[in-house]
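Novice: Have a look at this prediction, sequence included:
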Amino acid sequence: MNGIKRMAYNLGHKLRLTIAFSEHIFPLVNSLNDIEKKRAAAFRLEHLREQYTFAHAFKREMLSYYYPLKKAPKWRFEHTLSGKPFINENIAFNLSHSISSVVIALVDSSDKNAIGVDMECFRDMADLESMIEIVCHPDERQHLNLCENRNKGFFTIWTAKEALLKACGSGLINDLSSINCLPSLLSDQCYLLRWQGKQYSLKSFSFDWGVITLAWSTDLSVSNIQLANWTSGVPEPSNLRLE
């Protein structure tokens, strides 16, 4: 089960968490390794191949931009038993992409399960009502009944649950409705949520085109989040101080 609390931060040690995202594909050098190139080639549809290639090239370029320890093609990725990618350097990261949009979260940490991020582009869903019944906690369903746009509300809930599960490294579970992410619908403020014996902070960022939700372990003393929009091909950063 999980419990929800409002944020209470220890700002003694200042740690910045970076979220780099792009709303759509822009020209980027293909820095994929052989495994990634093979996976990209396996897509039969060209637009899916382009989206995969961009997302993983973006991942490499962002790692090298914010942590210039290696050139983009040189990063080596391993996977936990549950399949979550990680690197051996003391950098925790997580990647998500939706249609042509992509986001990566990065922070100084040796904990593979320090952070999780999920992104969804808003779109119409023919099976929206059935998905709400399957995915949403009763509190979330009750509030969605009051939402002017149930579609956007659902994607906000979905990204919150995905980000949490990606942070803890478990992947999707069968009983998503057991996770209560109602605060993501109520405001854009950070909140605490306990899951699998560990406490995480969650925060959603909404845009006209979609939503990004970030989850991070409260073992990290995060003092601010740098949100960098790379849609133009260069970063347009803004800093959110958590107090």
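Specialist: Cool, got the structure.

Novice: Distance check, Glu123 against Ile99.
Specialist: Small correction: residue 123 is Arg, not Glu. 8 Å (CB to CB, to the nearest Å). All C-beta atoms are positioned from the backbone trio N, CA, C, and that covers glycine.

Novice: So between those two, which is more surrounded?
Specialist: For Arg123 versus Ile99, the count of surrounding residues by other CB atoms under 10 Å is larger for Ile99: 17 against 11.

Novice: Nearest spatial neighbour of the spatially most central residue of the chain, chain-adjacent residues omitted?
Specialist: Residue closest to the average C-alpha location in the chain (CA atoms, centre = their mean): Val117, at 1.3 Å. Once flanking residues are discounted, Val117 sits nearest to Ala105: 4.0 Å by CB to CB, 6 or more residues apart in numbering.

Novice: try Lys14
Specialist: Lys14's closest residue in space is Ser223 (CB to CB, 6+ apart), at 4.2 Å.

Novice: was I right about Pro235 contacting Ala228?
Specialist: Yes - Pro235 lies in contact with Ala228 (CB atoms under 8 Å); the separation is 4.3 Å.

Novice: who's more crowded, the two?
Specialist: Counted by other CB under 10 Å, Pro235 and Ala228 do not tie: Ala228 has more neighbours, with 19 against 16.

Novice: about what we covered before: common neighbours of Pro235 and Ala228, please.
Specialist: Common neighbours of Pro235 and Ala228, using CB atoms under 8 Å, 6 or more residues apart in numbering, are Ala20.

Novice: Ala20 pairs with what?
Specialist: Ile104, Ala228 (DSSP bridges).

Novice: who touches it in this structure?
Specialist: Neighbouring residues of Ala20 by CB under 8 Å, 6+ apart: Phe58, Met62, Tyr65, Tyr66, Val103, Ile104, Leu106, Ala228, Trp230, Pro235.

Novice: So for stretch 140-160, mean pLDDT?
Specialist: Across stretch 140-160, the average pLDDT comes to 95.

Novice: Convert the C-alpha atoms of that stretch to PDB, please.
Specialist: Extracted C-alpha coordinates of stretch 140-160, given in PDB (Å, rounded to 0.1, in the frame of the first residue of the first chain):
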ATOM      1  CA  GLU A 140      -8.500   9.300  -8.800                       C
ATOM      2  CA  ARG A 141     -11.600   8.100 -10.600                       C
ATOM      3  CA  GLN A 142     -13.800  10.300  -8.300                       C
ATOM      4  CA  HIS A 143     -11.700  13.400  -9.200                       C
ATOM      5  CA  LEU A 144     -11.600  12.600 -12.900                       C
ATOM      6  CA  ASN A 145     -15.400  12.700 -12.900                       C
ATOM      7  CA  LEU A 146     -15.000  16.400 -12.100                       C
ATOM      8  CA  CYS A 147     -12.200  17.100 -14.600                       C
ATOM      9  CA  GLU A 148     -13.100  19.200 -17.700                       C
ATOM     10  CA  ASN A 149     -10.600  17.100 -19.700                       C
ATOM     11  CA  ARG A 150     -10.600  13.500 -18.500                       C
ATOM     12  CA  ASN A 151      -8.200  12.600 -21.300                       C
ATOM     13  CA  LYS A 152      -5.400  14.900 -20.000                       C
ATOM     14  CA  GLY A 153      -6.200  14.000 -16.400                       C
ATOM     15  CA  PHE A 154      -5.800  10.300 -17.200                       C
ATOM     16  CA  PHE A 155      -2.400  10.900 -18.800                       C
ATOM     17  CA  THR A 156      -1.300  12.900 -15.800                       C
ATOM     18  CA  ILE A 157      -2.200   9.900 -13.500                       C
ATOM     19  CA  TRP A 158      -0.600   7.400 -15.900                       C
ATOM     20  CA  THR A 159       2.700   9.200 -16.100                       C
ATOM     21  CA  ALA A 160       2.800   9.500 -12.300                       C
END
